[in-house]
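Q: with the sequence up front, the predicted model follows.
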Amino acid sequence: MIYLAYLAWGAAIGILSSMIGLGGGVLIVPTLIWLFGLTQHQAQGTSLALMIPPIGLLAAYKYWLHGNVILPIAICGALGFFLGGYLGADLAHWMNPQQMRRLFGIVLVTIGISFLVT
C-alpha cells in the first residue's frame with residue numbers, strides 16, 4: 001500500500017513540477033521529509049536517485065513540440081549538472097544534517113523572495 005502512496009506522490013510532484021517549471025528537488029526533498037519522515041541526507045539522496053531515469057523526458061518533449069526548449073542550454077546544463085552533482089554529493093557528506101537543512105532553507109527562501117519581487 002505504501003508503494004501506491006509513493007506513486008501518487010511522484011505523480012503529483014511530476015505534474016506540479018512540469019506545470020510551473022520548478023525543479024523537482026525543491027518539491028521532492030521537503031515532501032520526503034514531511035510526508036515520509038526521511039532525514040535531510042536521505043531525502044536529498046533519494047531525490048537525486050529518482051532523477052536517474054529520464055523523468056523529465058516526456059515533459060521536455062511536450063515543451064520542445066511547442067518550441068520552448070533551447071537545446072544547447074539543456075544539453076550543456078545537463079552535462080554540468082551531471083558533473084556538479086557528483087561533486088555536490090561528496091561535499092554534502094561533509095555537512096551535518098542541521099547545516100544541510102539551513103542551506104536548503106536559505107536557497108528556498110532566496111528563490112521565493114526573488115520570485116515575489118520580480
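A: On my side now, so go ahead.

Q: which parts of this protein are strands?
A: With DSSP state E, there are no strands along the chain.

Q: give me every residue that touches the residue minimising distance to the centre of it.
A: Computing the C-alpha centroid of the chain and ranking residues by CA atoms, centre = their mean puts residue 25 first, at 1.7 Å. Residue 25 makes contact with 44, 47, 48, 51, according to CB atoms under 8 Å, 6 or more residues apart in numbering. No exception for glycine: its C-beta is placed from N, CA and C like everyone else's.

Q: could you flag which of those are buried?
A: Using 16 or more other CB atoms under 10 Å as the burial test, those include 44, 47, 48, 51 as buried.

Q: what's near enough to touch the second one?
A: Neighbouring residues of residue 47 by CB under 8 Å, 6+ apart: 24, 25, 28, 29, 32.

Q: and the last one, how many neighbours does it have?
A: Spelled out, that is residue 32. Residue 32 sits with 24 neighbouring residues when counted by other CB atoms under 10 Å.

Q: my read is that it contacts residue 49, right?
A: No - taking contacts as CB atoms under 8 Å, residue 32 lies outside contact range of residue 49: 11.0 Å.
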